[in-house]
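S.K.: After the sequence you'll find the predicted model.
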Amino acid sequence: MPNSPQLARLLEAVKALPGRGPHLYAFFGCMYYAAMRPAEVIMTWRRAGQSIRVLFRYYAEFLAEARHHANRLIEDSMQRWDEREGP
């Protein structure tokens, strides 16, 4: 299993492929970053009308929400840590 920097390089190489490169980039990006199974990516793609732009928009919205949620969890954890440390 590649680590995050390795996967980022792999995805960039896939995106640079002629023809279906951008489609494969979105497909594999959804599988890795959104932890989607191949069938879930395909169903999302079909719901999006097989438009790569729409799929990218769904993907970007998911990542933005995941980032927001992760930041909130980190901030809550840091606040609890600070409370335990006390003055």
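M.R.: Nice, thanks for sending it over.
S.K.: measure stretch 1-21 end to end?
M.R.: 21 Å (Cα to Cα, to the nearest Å).
S.K.: how far is it from where the chain is centred?
M.R.: Centroid separation between stretch 1-21 and its chain, computed with Cα atoms, centre = their mean, to the nearest Å, is 13 Å.
S.K.: From the rest of the structure, what touches that stretch?
M.R.: Stretch 1-21 is contacted by residues 22, 24, 25, 28, 29, 32 when judged by Cβ atoms under 8 Å, 6 or more residues apart in numbering. In this view, the C-beta of every residue, glycine as well, is placed from N, C-alpha and C.
S.K.: Could you single out the nearest of those to residue 84?
M.R.: residue 32 (35.1 Å; Cβ to Cβ).
S.K.: if I look at the closest residue to that closest one other than its chain neighbours, how far off is residue 63?
M.R.: Leaving out its chain neighbours, the residue that sits closest to residue 32 by Cβ to Cβ, 6 or more residues apart in numbering is residue 7, at 5.8 Å. Distance of residue 7 to residue 63, given as Cβ to Cβ, to the nearest Å: 14 Å.
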